[in-house]
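Novice: Task: produce atomic coordinates for the following.
(chains A and B)
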Amino acid sequence: MLGQRYYIYLFYINALVSVTACIPQLLYKNRYNGSLTSLALSVIIGAIFIFLFQSRIKKFPRQNILEILDRDLPNILIKAYHSLSFLLSVFAGVLFLNSIMQIIREFAPLNSSMIFYCFLLLIVFSILIETNSILFMLEIVILFVTPLLLLILLRFFTDHLVLMDSIKESFTYIVHFPKAHSVVSGLFIFTGYTNLLVYCEHIVSINKKHLLIIWFILCCVLFSTYFIPIGYFGLKGVGLENYVWVTTIDSMHINYFFLERMVLVFILILIGITLMYLIINYHSAIRMLQMMTDDIGGKIKWFGIVIVVISALVTQYYADEINLLTFFIYYFVFRFILDLILIFLLFYVTKKAS
Amino acid sequence: MDIDKRSFVTAIGIDESDNLEKKYKITLKISLSKGDPATTGAEFTLLSFDANSISEALKNMQSMTDKELFYGHTKTILIGENVATKEIRPIIDYFVRKADIQRTAYLGVAVPNALQVLEFKPKVEQVAGSYLFSMFEENSNESPYAKALTLFDAYRRETESGINLAMPIIEVQHKKIQVNTIALFSKKGLESKLNAKESELFKLLTVGIKNGSTIINTNDGTYTIKILKGKTNCKIINADNNTKTAFFHIKLQTSVEEKVDNHLDLTYEKVQKIQDETEKKIKKDVHLLLDTIQKSKLDPMGLGLKLRASSLLHRDIPDIYSNLNFKVKVDCRIKEAGIVG
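Specialist: Numbers count the residues shown, from 1 in each chain, chains lettered A, B, ... in the order given. Take a look at the predicted model:
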C-alpha cells in the first residue's frame, strides 16, 4: 500500500494539466459576465464532491471500483458505466494529445510528427506497466516540475511590470450570475478522483486533513492559472491570446535563471505534465476495459491499445484549434455527468451495504 | 538546427520608405559573431528592404542570405519617428503575433530614424546590438531617464482602454546614442514628447527611479540633491459622481551631494530646510508635468484603468481628465551628506 501523498499527486497533476486543457481560455470567454462567480461556485461544488466521495469510498478500503459496485447493482449497469468511462478516457486522451501537439508545433522549432510518434510509443509502453510503477513515475514527475512552477509564481510576485490594476478590474465584474460552461470547466480541476478509482486500491484510504490540503492546493492552482495572465495582458488582451500560458511565460523577464527565455523550459514542463497525465488516463482506461470484460491479464488490453493508437492517429489529421476548445467543453460536461452518476451509484451501494 | 546555419537578428528597425510606392523600410541588424567567447562578436551587418508589409520585407530579406534568419535573440525593435507618428498598432500587432520573437523584446522610438541608430557602432560592445539592449535593461544601466517598454507591455497598452503607450526615444546626436526622453502615444500614434527633466519625473511617477538628481535653491546657497530611491503610490478617490481626485504619494530617499560654489557644512536646521525645499520643488515640478500630460489628453499612467478598477459600474469614460483634480504629497528623507558628516 502506498501513502496518502499519492492522492495529492493525482489531484495535483489533474489540476496542472488544466493549462493544456485550455481551461483559462474557456474561463476568459466569460470574463466580463460571470467567470469569477463561476470560479467561486466551482470551488464550492468541487469541495462538496471531494468530501462526498471520501465519505463513501472510505467504507470500502482496498477495493477497486468493480468490487465496490459489484454488490447489488445489476451487471448491465456496471458494464455501461465502465464502457462509458473507457470511451471518455480515450476521448480525453485524444484531446490532450492534440492540445500539447499544437503548442509544440507553434512554439518549438522541432519536427512535430516525429515527436508525436515518440509520444505514442512512450504512452503505449508506459500504460502496460504495473499501476504501482506508474504512481512512482508520477511522484518523480511532480518532484521535477514543482520547483520550476514555484519559480514562475515567485517571478509573478516580484515583477513590477504586472498591472495590478487589471487584476483589480477583473474583480469589479463580480456581480454577474455564473455561467454553466465556466463552472463545468473550473470543476474539472476538482473532479480528478474519477481517474483515481483504478488507483485507490493501491493507496491507503484518505482522511479529511489530507483532503483539505488537496482542496487548498487545487484552489491555488485554479486561481493562479486564472489571474496571472490577466496581470500580464490586461483584461481585454487576455481573451485575444490563443496559448495564453505559454505567452505569459514568454512575457516574464527571468534574468536570474540559467536561461533567459523560459518558454522552451516551460514547454518541456508542460510536455512532462501532459504526458504523465495521458499515461495515468490511458492506464485507467485500459484497466476499466479489463474490469468490464473480466479479462485481467488477457488479450483484451491489446484491443484497448489498438483503440488508443488508432484514435490518436486519426484525430491528428482533423484537429485544429477552434474545435479543440468546443470539444474540451463537451468533455467537461460529459465528465461532470459521469461524476454525478458515480456519486449516485456510490450512495446507492453504501445504503444497500448498511 | 545547427548554429552555423543561422544568422542571429539582434535588432529590427522600421522606417518610412524613401520609395513613395512602398510603405516601410525594414532594417535588420545581424550579428556576425563566431561563437568564440575569446573574441568579442561586435561585428554586424545590416540588411534593408522596402516593402508594403513587414512580413513581405522579412521574407525577401531571407532570400538575401544563405542562412536562416533567426529571431529568437531579437532584443530590440526600433520604430522610426515618422512611422510612429502615423500608425503604431499594426506594427506592434505583427510582432506580438510572431511566435519566435520574445515578448520581452524592448521597443523604442528612433530619432531621426531607425537606420541611423542601427548603423551606430559603439566602441565597446559584447555582441552586436547588445548596446541598444543594455541601454534599456534595468540591471545594467541605472540611468534615471530611460523607461523600458517591453513588447507585451506595449500590446496591452494598445488593447486595454484607460492606458496609453509611453515609449523611450533613442536619439543619435553627434555620433553618440542617447536615451533620456519619453514619447507619449495615443492609441493611434506618437502625439507628444517629454523633455529629459519631465521624463525623469514621469519615471518617478510610474515605476520609480534610482540615482536621480535635482538642484535646490535655499536662502543660504544652492545644493545638488541626489535621489537615491524614489517611488510613487497612485490612488484615485471617487468623491462623488462628478469630481475625482488622483492622489500621488511620492516617497524619496535622498542625500545632499554638493553645494554649488562652496563646501558643505550641514547642520540639522539646514538639512530640515533643504528637505522642505526639495518637497516643495518636486511637488511643483510634478504638478507642472501633470498639467502638461493633462493638456495632451493622453493617459500614459493608466489613470483610466485605475478608475475602472475602483468602481463596479463600468462606465466608459471618454475623457479621464474632466473633473479630475491632482493632489501630490511628497515625503522626502535626507540622509545628510554621504559618509562625511
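Novice: Show me what from the stretch 201-341 of chain B comes close to chain A.
Specialist: B:207, B:302, B:305-306, B:308-312, B:314 (Cβ under 8 Å from any Cβ of the partner chain). No exception for glycine: its C-beta is placed from N, CA and C like everyone else's.
Novice: So among those, which ones count as buried?
Specialist: By neighbour count, with 16 or more other Cβ atoms under 10 Å in any protein chain shown, those hold B:302, B:305-306, B:308-310 as buried.
Novice: Sitting in helices, which of those residues do you find?
Specialist: Per DSSP state H, helices hold the following members of those: B:305-306, B:308-310.
Novice: can you put those in CSV and add pLDDT and distance to B:Asn217?
Specialist: Formatted as CSV, those follow (pLDDT from 0 to 100; distance: Cβ to Cβ, whole Å):
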residue, pLDDT, distance to B:Asn217
B:Leu305, 85, 38
B:Lys306, 85, 34
B:Arg308, 82, 41
B:Ala309, 83, 40
B:Ser310, 80, 39
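Novice: Can you say which two of these are spatially most distant?
Specialist: Farthest-apart pair in those is B:Leu305 and B:Ser310; separation 9.7 Å (Cβ to Cβ).
Novice: Close to chain B: what parts of the stretch 251-354 of chain A are there?
Specialist: So the stretch 251-354 of chain A meets chain B at A:251-253, A:255, A:261, A:263 (Cβ under 8 Å from any Cβ).
Novice: Can you name the two of those residues that sit furthest apart?
Specialist: Greatest spatial distance in those: A:Asn255 and A:Val263, 14.7 Å, computed using Cβ to Cβ.
Novice: So for the two, which sits in the more crowded spot?
Specialist: Set side by side, A:Asn255 and A:Val263 show more neighbours around A:Val263, with 22 against 12, by other Cβ atoms under 10 Å in any protein chain shown.
Novice: just to revisit the earlier point, identify the residue with the minimum pLDDT among the residues of the stretch 251-354 of chain A next to chain B.
Specialist: Here the lowest pLDDT out of these sits on A:Asn255, with 69.
Novice: and A:Leu154, how many neighbours?
Specialist: Close neighbours of A:Leu154, defined as other Cβ under 10 Å, add up to 11.
Novice: right, and the helix or strand after the helix or strand hosting it?
Specialist: Element membership of A:Leu154 [criterion: DSSP states H and E] is helix A:131-158. As assigned by DSSP H and E, the chain's next helix or strand after helix A:131-158 is helix A:164-171.
Novice: which parts of that following helix are buried?
Specialist: Of the residues in helix A:164-171, A:165-170 count as buried by neighbour count, 16+ other Cβ under 10 Å.
Novice: which ones are touching the residue of the stretch 251-354 of chain A found nearest chain B?
Specialist: Nearest residue of the stretch 251-354 of chain A to chain B: A:Ser251, at 3.9 Å (Cβ to the nearest Cβ). Contact analysis of A:Ser251 by Cβ atoms under 8 Å, 6 or more residues apart in numbering or on different chains lists A:161, A:232-233, B:103-104, B:150, B:152.
Novice: In the stretch 201-341 of chain B, where is pLDDT below threshold?
Specialist: For the stretch 201-341 of chain B, the stretches flagged by pLDDT under 70 are B:239-241, B:315-318, B:336-341.
Novice: mind redoing it with 80?
Specialist: B:207-214, B:217-221, B:238-243, B:257-268, B:311-323, B:335-341 (pLDDT under 80).
Novice: Over to the stretch 151-300 of chain A?
Specialist: Along the stretch 151-300 of chain A, the parts satisfying pLDDT under 80 run over A:192-197, A:200, A:205, A:253-261, A:294-298.
Novice: re earlier: and which of the ones in helices among the buried ones among the residues of the stretch 201-341 of chain B next to chain A is nearest to chain A?
Specialist: B:Ala309 (3.8 Å).
Novice: Settle this for me: that closest one is touching A:Asp165, isn't it.
Specialist: Yes: using Cβ atoms under 8 Å, B:Ala309 is in contact with A:Asp165, at 4.6 Å.
Novice: Run a quick neighbour tally on B:Ile237.
Specialist: With other Cβ under 10 Å as criterion, B:Ile237 counts 12.
Novice: which helices and strands sit right next to the helix or strand hosting it?
Specialist: According to DSSP H and E, B:Ile237 maps onto strand B:221-238. Secondary-structure packing of strand B:221-238 (3 or more Cβ pairs under 8 Å, 6 or more residues apart in numbering or on different chains; DSSP states H and E): helix B:196-206, strand B:209-218, strand B:244-259, helix B:268-296, helix B:303-310.
Novice: Quick one: work out the angle between the second one and helix B:268-296.
Specialist: Read it as strand B:209-218. Relative orientation of strand B:209-218 versus helix B:268-296 (axes from the mean of the first three to the mean of the last three Cα atoms, to 10 degrees): 110 degrees.
Novice: Buried residues of strand B:209-218, list them for me.
Specialist: Quick answer for strand B:209-218 (16+ other Cβ under 10 Å): B:209, B:212, B:214, B:216.
Novice: show me the contacts for the first one.
Specialist: Residues in contact with B:Ile209 (Cβ under 8 Å, 6+ apart) are B:144, B:200, B:203, B:227, B:229-231.
Novice: Okay, and the beta partners of it?
Specialist: B:Ile209 forms beta bridges with B:Gly230, as assigned by DSSP bridges.
Novice: same check, this time on the last one
Specialist: Using DSSP bridges, the beta-bridge partners of B:Ile216 come out as B:Tyr223.
Novice: Next, format the residues of the stretch 201-341 of chain B next to chain A as CSV and append distance to A:Ile300.
Specialist: As requested, these are exported to CSV (distance: Cβ to Cβ, whole Å):
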residue, distance to A:Ile300
B:Val207, 63
B:Gly302, 61
B:Leu305, 59
B:Lys306, 62
B:Arg308, 59
B:Ala309, 58
B:Ser310, 62
B:Ser311, 62
B:Leu312, 58
B:His314, 57
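Novice: Going by distance to B:Gly162, which of those wins?
Specialist: B:Leu305 (3.8 Å).
Novice: which SS class is the closest residue to the closest one other than its chain neighbours?
Specialist: Among residues not flanking B:Leu305 along the chain, B:Gly162 sits closest, at 3.8 Å (Cβ to Cβ, 6 or more residues apart in numbering or on different chains). B:Gly162 falls in the coil class when you classify it by DSSP: H, G, I helix; E, B strand; the rest coil.
Novice: residues near B:Gly162, how many?
Specialist: For B:Gly162, the count of nearby residues is 21 (other Cβ under 10 Å).
Novice: So for it, what's the pLDDT?
Specialist: 82.
Novice: Quickly note the distance from it to A:Val306.
Specialist: 56 Å (Cβ to Cβ, to the nearest Å).
Novice: so who does the residue in the stretch 1-150 of chain B that chain A sits nearest to touch?
Specialist: Using Cβ to the nearest Cβ, B:Arg103 is the residue of the stretch 1-150 of chain B that sits closest to chain A, at 4.2 Å. Shown in contact with B:Arg103 (Cβ under 8 Å, 6+ apart): A:247, A:250-251, B:96, B:150-152.
Novice: Can you report phi and psi for it?
Specialist: Per-residue torsions, B:Arg103: phi -70, psi -10 (degrees, to the nearest 10).
Novice: Any chance you could give me the helix or strand where A:Cys118 lies in PDB, C-alpha atoms only?
Specialist: Assigned by DSSP H and E, A:Cys118 falls within helix A:112-127. The C-alpha trace of helix A:112-127 is given here as PDB (Å, rounded to 0.1, in the frame of the first residue of the first chain):
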ATOM      1  CA  SER A 112       6.500  17.700 -34.700                       C
ATOM      2  CA  SER A 113       5.300  14.400 -36.400                       C
ATOM      3  CA  MET A 114       8.400  12.700 -35.100                       C
ATOM      4  CA  ILE A 115       7.700  13.900 -31.600                       C
ATOM      5  CA  PHE A 116       4.100  12.700 -31.900                       C
ATOM      6  CA  TYR A 117       5.200   9.100 -32.800                       C
ATOM      7  CA  CYS A 118       7.700   9.200 -29.900                       C
ATOM      8  CA  PHE A 119       4.900  10.200 -27.500                       C
ATOM      9  CA  LEU A 120       2.600   7.500 -28.800                       C
ATOM     10  CA  LEU A 121       5.400   4.900 -28.400                       C
ATOM     11  CA  LEU A 122       6.100   6.100 -24.900                       C
ATOM     12  CA  ILE A 123       2.500   6.000 -23.900                       C
ATOM     13  CA  VAL A 124       1.900   2.500 -25.300                       C
ATOM     14  CA  PHE A 125       4.900   1.100 -23.300                       C
ATOM     15  CA  SER A 126       4.100   3.000 -20.100                       C
ATOM     16  CA  ILE A 127       0.400   2.100 -19.800                       C
END
